[in-house]
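In: Provided below for reference: sequence and predicted model.
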Amino acid sequence: MLLGVNIDHIVVLREARKVADPDPLDALGICKRAGADQITIHLREDRRHIQDSDAQNIISLSNLPVNLECAISQEMITIACQLKPHRVTLVPEKREEVTTEGGLAVEGETSRLKDAIKRLQEAEIDVSLFIDPTLGAVKASLDLGVEWVEFHTGKYANIYAMLYSNLNKTHHRLESLDLPRKVLKQMLEDELYTLRLLSCEAMESGLRIAAGHGLNMQNISDIVEIETIEELNIGQSIIARSIYVGLEQAIHDIKHKMIR
Ligand code: PXP
């Protein structure tokens, strides 16, 4: 199973001070040494972390394939076509969100998406759509002729955190829902079932499947068992752990959890 390491979070720290370090370019060699298969970056419209020069330098200097996440705006598609990463993952973007909160509204954005996908594919860039795990989104992605879909695992991660919050201190925001354990267990099972079923359907129709958002050392195991998911993109939890164990070890450890 392939691992894309999302290195935006390194740049979050740099941008907090608007200084020169930590430099995301220093992460490239470490990611490769530690066994990562891809570098993932998100060039946001508000440039809150990765800057245009970062994206350019990372894409030209990385010895791993680069997956550039961006919104479906004309500006972003033009930049992506110029930078020519290995893959572009189209994501929804809201200025006020802390992170990408949901999948693309693929069914409602068809003409904008068609146009963006055409431009990217003409520039010989593989296209992935970051979608919620729903049948409608998979079918719409198939109709749009993309190479990849990436399932948003945020809901799965949130349910997991609510269920095991005494073990896993993330996602406190949702503890207030206070649902009984039995209900949460069923919700987790349902979410996994949906991911399994849709990954299988999507793969059989010719799509390649990635997944990501909110995945970490604790919640990853059940996702790894879904054999039709080819790749995971993980950022926050790896960079957070790297503060204590170092980046190479943090990547190495999560990659170890991804062995099937
Ligand atoms: N995949 C996509 C498309 C994303 O937008 C993000 C968040 O930037 C991730 C994966 C990684 O999520 P996390 O940082 O929660 O691991």
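Out: That came in fine, so what should we check first?
In: Tell me what residue 126 is bridged to.
Out: residue 87 (DSSP bridges).
In: my read: it touches residue 148, true?
Out: Yes: contact criterion Cβ atoms under 8 Å: residue 126 and residue 148 qualify, at 6.4 Å. (Glycine included, C-beta is placed from N, CA and C.)
In: which element is the closest residue in space to residue 31 that isn't next to it in sequence on?
Out: Closest residue in space to residue 31, ignoring its immediate chain neighbours: residue 5 at 5.0 Å, by Cβ to Cβ, 6 or more residues apart in numbering. Residue 5 is part of strand 2-6, with elements assigned from DSSP states H and E.
In: So which other helices or strands are in contact with that strand?
Out: If you count contacts as 3 or more Cβ pairs under 8 Å, 6 or more residues apart in numbering; DSSP states H and E, strand 2-6 packs onto strand 38-42, strand 208-212, strand 231-234, helix 236-245, helix 247-257.
In: Would you mind putting these into JSON lines with mean pLDDT and distance to residue 15 alongside?
Out: Shown next, in JSON lines, are those (pLDDT from 0 to 100; distance: least, Cβ to Cβ, whole Å):
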{"stretch": "strand 38-42", "mean pLDDT": "98", "distance to residue 15": "13"}
{"stretch": "strand 208-212", "mean pLDDT": "98", "distance to residue 15": "22"}
{"stretch": "strand 231-234", "mean pLDDT": "98", "distance to residue 15": "21"}
{"stretch": "helix 236-245", "mean pLDDT": "98", "distance to residue 15": "14"}
{"stretch": "helix 247-257", "mean pLDDT": "98", "distance to residue 15": "18"}
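In: could those be laid out in JSON lines, adding mean neighbour count?
Out: Converted to JSON lines, the helices and strands packed on strand 2-6 look like this (neighbours: other Cβ atoms under 10 Å):
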{"stretch": "strand 38-42", "mean neighbour count": "25"}
{"stretch": "strand 208-212", "mean neighbour count": "23"}
{"stretch": "strand 231-234", "mean neighbour count": "25"}
{"stretch": "helix 236-245", "mean neighbour count": "17"}
{"stretch": "helix 247-257", "mean neighbour count": "18"}
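In: buried ones in the helix or strand harbouring residue 76?
Out: Taking DSSP H and E as the definition, one finds residue 76 inside helix 74-83. Buried residues in helix 74-83, counted by 16 or more other Cβ atoms under 10 Å: 76, 77, 79, 80, 81, 83.
In: Contacts for it next, please.
Out: 43, 45, 52, 55-56, 59, 68, 70, 88, 116, 119-120, 122-123, 125 (Cβ atoms under 8 Å, 6 or more residues apart in numbering).
In: Need the CA coordinates for that helix. CSV is fine.
Out: C-alpha atoms of helix 74-83 as CSV (Å, rounded to 0.1, in the frame of the first residue of the first chain):
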residue,chain,number,x,y,z
GLN,A,74,-9.1,28.9,-13.1
GLU,A,75,-6.0,30.3,-11.2
MET,A,76,-5.2,27.0,-9.6
ILE,A,77,-5.6,24.9,-12.7
THR,A,78,-3.4,27.3,-14.7
ILE,A,79,-0.7,27.0,-12.0
ALA,A,80,-1.0,23.2,-11.9
CYS,A,81,-0.7,22.9,-15.7
GLN,A,82,2.5,25.0,-15.5
LEU,A,83,4.0,23.1,-12.6
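In: Could I get the average pLDDT for that helix?
Out: Averaging pLDDT along helix 74-83 gives 98.
In: cool, and stretch 148-159?
Out: Taken as a whole, stretch 148-159 carries a mean pLDDT of 96.
In: related to what we said a few turns ago, tilt between the strand holding residue 5 and helix 247-257?
Out: For strand 2-6 against helix 247-257, the angle by axes from the mean of the first three to the mean of the last three Cα atoms, to 10 degrees is 150 degrees.
In: quick revisit: show me whatever sits in contact with both of residue 126 and residue 148.
Out: By Cβ under 8 Å, 6+ apart, residue 126 and residue 148 have these common neighbours: residue 87.
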